[in-house]
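**Q** build me a model from this:
(one chain, ligands or ions: 2)
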Amino acid sequence: MTSIDSTIQRIRSGEAEGSACSPALADAPWTFDLLTPGYGPGSSMGDLIPTGSPRQGQLPEVYRTASNDELDARISAAKQTLGDRVVVLGHFYQRDEVLKYADFVGDSYQLANAALERPNAEAIVFCGVHFMAETADILSSPGQAVILPNLAAGCSMADMADIDSVTECWDQLTALFGTEPDASGRVPVIPVTYMNSSAALKGFCGDHGGIVCTSSNASAALDWAFERGQRVLFFPDQHLGRNTAKAMGVPLDRMPMWNPNKPLGGNGADELEDARVILWHGFCSVHKRFTVGQIESARAEFPGARVLVHPECPSGVVDAADAAGSTDFIGKEIAAATEPTTFAIGTEINMVNRLANQYPQHRIFSLDPVICPCSTMYRIHPGYLAWVLEALVDGDVLNRIVVADDVAVPARIALDRMLAARPGGSVARVIGD
Ligand code: 13P
Ligand code: SF4
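**A** Ligands and ions are numbered 1, 2, ... in the order given. Below is the predicted model of the structure:
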C-alpha cells in the first residue's frame, strides 16, 4: 500500500512520476512549526492565517530524528502501555502513517460521536484539526483531556469566520429585521454554523437559537432552521450552504453572500429581506481546487466514470458530479459498488489514495492530477503522535485543547440540537434520487 507521503518522497527523489503542489510537502512538518505562522505546504498555503493562531513549539529532537520504524515501535509500545486510558481518533484526511493508530476513523460527525464512546478514557488524542478537538472537548466527560498532537493543525476555512465579524453581521441583521417572530412563529434569522468553525461560533449559535451541522447532516440542520426562522445565516462555508440549500429547492438568487468587510455584507436591504440563506464568504482550499473541466476530462478519458465529490466543492462541480456527500458517504458509495467501476473523486487526496488502495477491483483516482493535501491535516505526523503518547505514559498531558465553560455550555446546546436533528441518510445530493 503506497501512502501519499511515500509517493511525495518518491517524486522528490525522482523514483516516481507525478507532481505535488509544493516541493516543501516532502519536508517533515516540524520544519514549519518554527517559521513565520502559516498553514504550511498544501492546499491552504496561499491563505492568510489570522494573527494569534495557535502555533506548535519545537518537537523534541528524539522524535524529529527517529526513523519511521522507531516511531512505529514507540507509538505501539505507548498505546499498549496506556491501554484503555487513551483513545485515538483519526479523520479520513489524515496521512496513512498516522491513521493506522486510530481506534476510531471517521468523518467529522462520526468522530464527534466517537468522542462520547469512551467516557472512561483519561485522554482523547485527536488526529484531525483544531475545531474537531474543540468539539471533542465540549462533548466528552469533564475529566477527559483532549489532545491535538500538533497545535498548528488548524483549518483555513474555519478561520474565515471569527466571532467578532459574525457578531457584527448579526447586529446589522437584527437592526434590519428586528427580533420579533412572524405570524407563524418564525424569527427573522437563525444562525447555522458548519462544524468546521471555532467553538466560539458554535457557542454563538447556541446563544442565538441556532444549530451546528456537518456535511453529513446539513439538509436536516437547514430543515430544522427553516422550521424556526424566515432566513438562515450560514457560516463559514458558502459552498456547503449553497449546495445544500440548492438541493432543497432554494433558488440561487435567494442566497446572497455576506462579505464582512462591506456594510450589509455588500447587499441591499431588499436582497437580504428576500433571502432564504445568507452565505458567509468562506471556502475550503482543498475543495476549491476541483473544477468542472477536471470532471469533463475524467469523463472523456473514462466514459461511464462515476464522479463523487464533497459538498465543500463549488456548486458547478457538485452539479456536474454524479453525487455529492460527506467523506463517509463517498467511502460508502465505493464500498457498495458490486461491479468493477471507475470512480473519479473530488475530496482530500489522502482519503482518495486510501480508497484506491483498499478497493483494487475499481479504478479510483482524484479529479485533481496534482497531489495537494490539506495543509493542516498533513501537519500531524507520527513524530507528534509518539511525543504526546509517550508524555501520557509519563503522566504529562501535552497540547491539551480546553474550551472554557462560557463558550462550551452554549456550544453544547447547538451541538446537541445537531445530534438530535440527524436523519437516517448522509447525502447532500445524489442525482436521480
Ligand atoms: P467531513 O468529514 O464531515 O465530510 O468533512 C470534511 C472536512 O473538510 C473536514 O475538515
Ligand atoms: Fe479545513 Fe478544508 Fe482542511 Fe477540512 S479539508 S480541515 S475544511 S482546509
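
**Q** which bits of the stretch 51-200 of the chain sit near ligand 2?
**A** By C-beta under 6 Å from any ligand atom, the residues of the stretch 51-200 of the chain that approach ligand 2 are 93, 129, 155-157, 196. Every residue, glycine included, has its C-beta placed from N, CA and C.

**Q** what's the burial count for residue 347?
**A** The number of residues packed near residue 347 is 32, by other C-beta atoms under 10 Å.

**Q** residues in contact with it?
**A** Residues in contact with residue 347 (C-beta atoms under 8 Å, 6 or more residues apart in numbering) are 286-287, 308-310, 327, 330.

**Q** for residue 223, same thing?
**A** The neighbours of residue 223, taking C-beta under 8 Å, 6+ apart as the test, are 248, 421.

**Q** what about the helix or strand it falls within, near ligand 1?
**A** Counting by DSSP states H and E, the element that carries residue 223 is helix 218-228. No. Helix 218-228 lies out of reach of ligand 1 by C-beta under 6 Å from any ligand atom, never closer than 9.5 Å.

**Q** what residues of that helix count as buried?
**A** Residues of helix 218-228 classed as buried under the neighbour-count rule (16 or more other C-beta atoms under 10 Å) are 218-222, 224-226.

**Q** give me the buried positions along stretch 34-42.
**A** The neighbour-count criterion (16+ other C-beta under 10 Å) identifies 37-42 as the buried residues of stretch 34-42.

**Q** filter the residues of the stretch 51-200 of the chain next to ligand 2 by proximity to ligand 1?
**A** Within the set of these, contact with ligand 1 (C-beta under 6 Å from any ligand atom) is found for residue 196.

**Q** now, the residues of the stretch 51-200 of the chain next to ligand 2 that are in strands?
**A** Using DSSP state E, no member of those sits in strands.

**Q** show me what residue of the stretch 1-150 of the chain gets nearest to ligand 2.
**A** Using C-beta to the nearest ligand atom, the single residue of the stretch 1-150 of the chain nearest to ligand 2 is residue 129, 4.6 Å away.

**Q** coming back round to it: ok, and what's touching the helix or strand that the helix holding residue 223 is followed by?
**A** Read in the C-terminal direction, the helix or strand following helix 218-228 is strand 229-235, with elements assigned using DSSP H and E. For strand 229-235, the surrounding residues in contact (C-beta under 8 Å, 6+ apart) are 161, 166, 169-170, 173, 182, 186-194, 197, 201, 209, 222, 225-226, 240-241, 245, 258, 272, 275-280, 282.

**Q** for residue 26, grab the count of nearby residues.
**A** 16.

**Q** got a list of what it touches?
**A** Here residue 26 is in contact with 8-9, 11-12, 20 (C-beta under 8 Å, 6+ apart).

**Q** farthest pair in these?
**A** 9 and 20 (10.2 Å; C-beta to C-beta).

**Q** of those two, who's got more company?
**A** In this comparison of residue 9 against residue 20, neighbours counted by other C-beta under 10 Å, the higher total goes to residue 20 at 20 against 14.

**Q** which residues does the more buried one contact?
**A** In this structure, residue 20 makes contact with 8, 11, 26, 370-372, judged by C-beta under 8 Å, 6+ apart.
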